[in-house]
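>>> Return atomic coordinates for the entry below.
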Amino acid sequence: MFQVTREIDFCYGHRLLDYQGKCARLHGHNGRVLITIQTAMLDPQGMVVDFNEIKRSVAGWIDEHLDHRMILRRDDPAVAPLEQWGERPYLLDVNPTAENLARLIFEQARREGLPVVEVRLWETPQCQAVFAPADGDGA
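Sure thing, here's the model as predicted:
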């Protein structure tokens, strides 16, 4: 098997509902994502996938939807005031934990047709979450 990994940095804000601790308050992170793509065969150019394709598809989607945005659970009471102030929060059906964001990015990479096998998301330099589906699980 051949693998390549692309690193993508982005900034985001969030908070966790039904949580006891600092993360219950609105706060921000400088996130780092590693997207690992795997194939058994290289393409005619000798690549798993062109790094620019990962940048165009996944990094472009992150830049448009997540970068410098508040990522909130759909029922968060902060959504309405943010929208009234002209903000466009990115809304999830689940808490925007690092784990759920890693899965979100994984699923987007799959929708883009990339044979992604793992997404790692650092929300701080010391804390990371990984999403890699179990064998046979397409996510």
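
>>> which of the residues in stretch 104-119 are buried?
Leu104, Ile105, Phe106, Glu107, Gln108, Ala109, Leu114, Val116, Val117, Glu118, Val119 (16 or more other CB atoms under 10 Å). (Each C-beta comes from the backbone N, C-alpha and C, glycine too.)

>>> Quick check on the residue lying closest to Thr124 once chain neighbours are set aside: phi, psi?
Distances taken as CB to CB, 6 or more residues apart in numbering put His29 closest to Thr124, at 6.6 Å, once the chain neighbours are dropped. Main-chain torsions, His29, degrees, to the nearest 10: phi -140, psi 150.

>>> of the buried residues of stretch 104-119, closest to Asn95?
Leu104 (11.8 Å; CB to CB).

>>> In contact with Thr36: list those residues for me.
By CB atoms under 8 Å, 6 or more residues apart in numbering, the contact list for Thr36 reads Gln3, Val4, Thr5, Val116, Val117, Glu118, Val119, Arg120.

>>> Check which helices and strands the one helix or strand the second one maps to sits against.
Using DSSP states H and E, Val4 maps to strand 2-14. For strand 2-14, the elements it packs on are strand 27-39, helix 51-54, helix 60-65, strand 69-73, judged by 3 or more CB pairs under 8 Å, 6 or more residues apart in numbering; DSSP states H and E.

>>> looking at these, which is closest to Ala98?
Of these, nearest to Ala98 by CB to CB is strand 27-39, at 8.2 Å.

>>> what distance separates that closest one from the middle of the whole chain?
6 Å (CA atoms, centre = their mean, to the nearest Å).

>>> Which positions in it come out as buried?
Buried residues in strand 27-39 (16+ other CB under 10 Å): His29, Gly31, Arg32, Val33, Leu34, Ile35, Thr36, Ile37, Gln38, Thr39.

>>> Asp67 and Pro115, how far apart?
24 Å (CB to CB, to the nearest Å).

>>> One more: Thr124?
Distance, Thr124 to Pro115, by CB to CB: 29 Å.

>>> How about Asp18?
With CB to CB as the criterion, Asp18 and Pro115 are 35 Å apart.
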